[in-house]
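A.B. asks: Compute the structure for the input listed below.
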Amino acid sequence: MTTPNELYAMTPESTNNGVHILQGYSYDHVPELGENVNGQLYHIETDRIEIRFLKDWSLDGRRIWRLATVWFDNKPVMIIQNAGREGDDHAARFVTDANGLKEMCVHVKELFAQNAPEELIETVNPDGDIDGLTEFYGNRLDGYFEKY
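C.D. replies: Take a look at the predicted model:
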């Protein structure tokens with residue numbers, strides 16, 4: 001068996017400051033951020049958050065096995081696990097510093113508020129014709145939908 005402090009003391013294979021690593025399609029290591037930022041963290045990086053990968057292995061560019069520690073202001077906050085397709089088949093977190101996690105989330109929300117709205121939200125003209133708006137994935141709105 002291994003303790004969190006033993007993992008925190010390990011030398012990582014690599015590190016990353018990208019907040020997007022903490023959320024995937026089917027997993028969320030920081031649900032405390034709320035739904036309004038879920039899946040929109042891709043462009044946010046900060047030197048205050050460091051993800052230290054103890055092992056970040058990819059079988060084929062899609063299926064992974066990842067064990068990492070998450071640090072905020074140079075203090076360990078939690079350990080995260082991901083495995084399988086895009087890391088979605090298995091995900092777990094082990095929080096060791098609840099206050100540190102809360103402070104980290106406040107920091108991320110501030111960064112999101114500063115960076116997200118204009119940069120990440122693409123809009124369309126509600127009165128403009130949009131090619132493919134009602135026809136996609138082999139069907140169209142006024143088409144026949146057959147059950148098999």
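A.B. asks: separation between Asn16 and Glu122?
C.D. replies: From Asn16 across to Glu122, the span is 26 Å (Cβ to Cβ, to the nearest Å). Every C-beta, even on glycine, is put in place using the N, C-alpha and C of the backbone.
A.B. asks: The two - which one has more neighbours?
C.D. replies: Comparing Asn16 with Glu122 by other Cβ atoms under 10 Å, the one with more neighbours is Asn16, at 16 against 5.
A.B. asks: Specify the beta-bridge partners of that one.
C.D. replies: Asn16 forms beta bridges with Ile51, as assigned by DSSP bridges.
A.B. asks: quick one, what contacts it?
C.D. replies: Counting by Cβ atoms under 8 Å, 6 or more residues apart in numbering, Asn16 touches 50-51, 53.
A.B. asks: bridging residues for the residue nearest the centre of the chain?
C.D. replies: Centroid-nearest residue in the chain: Gln23, 2.0 Å away (criterion: Cα atoms, centre = their mean). Beta-bridge pairing of Gln23 under DSSP bridges involves Asp28.
A.B. asks: Surely it touches Pro31?
C.D. replies: No. Distance between Gln23 and Pro31: 9.1 Å, which falls outside the contact criterion (Cβ atoms under 8 Å).
A.B. asks: Provide the strand pairings for the helix or strand where Phe94 lies, with the direction of each partner.
C.D. replies: Using DSSP states H and E, Phe94 falls within strand 90-95. Applying DSSP bridges, strand 90-95 is found paired with strand 75-85 (antiparallel).
A.B. asks: Could you tell me the model confidence score at the residue of the chain positioned farthest from its centre?
C.D. replies: What lies farthest from the middle of the chain is Tyr144; by Cα atoms, centre = their mean that is 38.0 Å. Tyr144 carries a pLDDT score of 85 in this model.
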